[in-house]
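> just the structure for this:
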Amino acid sequence: MNEKMPSHLAVLNNRNLVIMIGALLVILLGATFIFGAYSLLIAGVAIVFSGCVELIFAKTRKKGLDYSILITPLIFALTMPPSVPLWVVAIGASFGTFFAKSLFGGLGKNIFNPAMVGYIFVTISFPRYLNTQWLNPKTDVIGSVTPLIGLNGGNLSESYMDLLLGVVPGSLGETFRIGILIIGLLLVVLKIVDWRIPVSILGTVFIVNLIGNQLNETYFSDPVASLLVGSVLFGSFFVASDPVSMPVSNWAKVIYGIGIAAIILIIRGNPGAYPAGMAFSVVIMNAFSPLIDSYFIKEAGELV
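Residues are numbered from 1 along each chain as shown. Model prediction:
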């Protein structure tokens, strides 16, 4: 860990990084149980190619490596469909680490979440592999529909239990939702994840759909199902809560989370080619994070 890390990033100590790695590995094991051993290959390729980028920059700048070398590629791998070609994984993991982390100076200095930058790049560049080839763990058949797409179309067929247990099509990190929820809550209890981020995101998505569903069932969905489809659970605990790219002050974190939720709802209501809005929402709000922070810090005269 960088000894010059700002005080608000003290959460990025070795202990917490190791715990986060362990949490991500548990979710990866859940994905492996659901989708098969190919999930491990996806994670392995992401780690190798992302790690090579970090190693090159570390050697160039004569700096050491830290445990975050595993976190970025693991998060990226968990955003991938279970049948994605490995070359797509290699490109995405390398791109995100190079352009959104290493070029900024490494851990603690990046503005944008590197895993999400890599995901957005391959999603836009190779939509055929990211948006249309989903493995159904019940039938081992690759199709073009996930529960999120079904929810957006108003014909969600999966039960809450199927969604919680992960026996539905989806990316590696979004399916085993009961595990994500338990591990996420544990990270909150351990104060590795700031509770304001997942509460503001999940609370906003739930409340807006709860009220909106009574007014317009076409645009707004079942409020419970809205939390159990797509990557909103995984993203709230493991992506949006990244202490480097989120705001510093407490109220700014709440506004940041609400902003992410609002963009998710807008994208879900108008899905087009990209029905999953978490990555786009996080990166957009990453850009506004300093501005939100500056307002609340200026108003309070200090970090609140």
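> count of neighbours near Arg128?
The burial count assigned to Arg128 is 9, neighbours taken as other C-beta atoms under 10 Å. (C-beta placed from N, C-alpha, C; glycine too.)
> phi, psi for it please.
Phi and psi for Arg128, reported as degrees, to the nearest 10, are phi -60, psi -40.
> number of nearby residues for the residue nearest to Leu187 when sequence neighbours are not counted?
Once its chain neighbours are removed from consideration, Leu187 has its nearest residue in Val193; the separation is 4.2 Å (C-beta to C-beta, 6 or more residues apart in numbering). By other C-beta under 10 Å, the residues close to Val193 number 26.
> correct me, but Val193 touches Ile183?
No. Assessed by C-beta atoms under 8 Å, Val193 is found out of contact with Ile183, at 9.8 Å.
> what's the overlap in contacts for those two?
Both Val193 and Ile183 are in contact with Phe237, where contact means C-beta atoms under 8 Å, 6 or more residues apart in numbering.
> show me where this protein has its helices.
Counting by DSSP state H, the chain has helices at residues 14-35, 38-61, 68-78, 86-100, 114-125, 127-131, 147-152, 160-165, 177-189, 196-215, 223-228, 232-238, 250-269, 278-300.
> how many degrees apart are the first one and helix 68-78 in direction?
Going back to what we said before, that points to helix 14-35. 30 degrees (axes from the mean of the first three to the mean of the last three C-alpha atoms, to 10 degrees).
> show the contacting residues for Arg177.
Applying C-beta under 8 Å, 6+ apart to Arg177 gives the contacts 163-166, 228, 233-234.
> quick one on the thing from earlier: now do the phi/psi pair for the residue nearest to Leu187.
Dihedral pair for Val193: phi -110, psi 130, per degrees, to the nearest 10.
> so what's it scoring on pLDDT?
The pLDDT attached to Val193 in the predicted structure is 95.
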